[in-house]
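Q: Got a sequence here, can you model it:
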Amino acid sequence: MAVSPVGGYQGSSYNGKMLSVGDKPDGNANRKRGGAANTVDSTSSESGGTSGSISRTARAVNDQKIQQEIQQLKHREQQVRTHEQAHQSVGGRYAGAPTYQYTKGPDGKSYITGGEVSIDVSKAKTPEDTVKKMEQVRAAALAPSDPSPQDQSVAQKASQIEVQADQEIAQQKFSDSGIKSAYSANTETTAQSLISIYA
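A: As a prediction, the model looks like this:
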């Protein structure tokens, strides 16, 4: 861009005069001046070439940075998908479908950068069923290769509920009376927790 005013001046003014006086006897002088003008034009072109190569280099560096950022976003998306699908796959009927958070990349496309899976940690109808359920919930929470602090918290909660259910089973085994277990009073309590990963 810096050399375009020079080129414009040479083309419209200086070269125009050369063409208008080309039939005069001092044509050789005009040709010499024309040669000089051509030299100036050539220099301007070379200068423009240098500027252009600098611009191309800057664009190449910028393009490389953009590509690196896109690759990082793609890698992050794959990590999040794998993480949340592990929760869902192991959680089975106790796990919800993954929900995702998106970030727009420099290419205008949206990439997944965070997500979560809801999982049911409410008690089952019987202590025995609760033990089985909490084993699966804990396994689902710890299913990814890189469980988050939230994942570990859900796994700990499932373990606590499982311990309570084990205690209830033990009480039932040693109970000689036909009194209804206090466990059944708590089965209506529902709770959900989120297994999440964040950017």
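Q: When you work out contacts or count neighbours from here on, use the C-alpha atoms and nothing else.
A: Will do.
Q: ok, I119 touching G92?
A: No. Proximity of I119 to G92 does not meet the contact threshold set by C-alpha atoms under 8 Å, at 9.4 Å.
Q: the more surrounded of these two?
A: For I119 versus G92, the count of surrounding residues by other C-alpha atoms under 10 Å is larger for I119: 24 against 14.
Q: what bridges to the more buried one?
A: Beta-bridge pairing of I119, defined through DSSP bridges, involves A95, S193.
Q: Quick check: it vs Q136, distance?
A: 10 Å (C-alpha to C-alpha, to the nearest Å).
Q: Check D120 too.
A: Following C-alpha to C-alpha, the distance that separates D120 from Q136 is 11 Å.
Q: cool, and S145?
A: 16 Å.
Q: which residues touch Q101?
A: With contact set as C-alpha atoms under 8 Å, 6 or more residues apart in numbering, Q101 has these partners: 112-115.
Q: Nearest residue to it in space, please, no chain neighbours.
A: The spatially closest residue to Q101, leaving aside those adjacent along the chain, is G114, at 4.9 Å (C-alpha to C-alpha, 6 or more residues apart in numbering).
Q: tell me the secondary structure for that neighbour?
A: G114 carries the three-state label strand when classified by DSSP: H, G, I helix; E, B strand; the rest coil.
Q: is it true that it touches Y102?
A: Yes. Applying C-alpha under 8 Å, one finds G114 in contact with Y102, separated by 7.0 Å.
Q: In terms of neighbours, single out the busier of these two.
A: Relative neighbour count places G114 above the other of G114 and Y102, with 21 against 14, counting by other C-alpha under 10 Å.
Q: right, and A86 touches D146 too?
A: No. Judged on C-alpha under 8 Å, A86 makes no contact with D146 at a distance of 10.6 Å.
Q: Just want to know which of these two has more residues nearby.
A: Taking neighbours as other C-alpha under 10 Å, A86 and D146 compare with A86 leading, 19 against 11.
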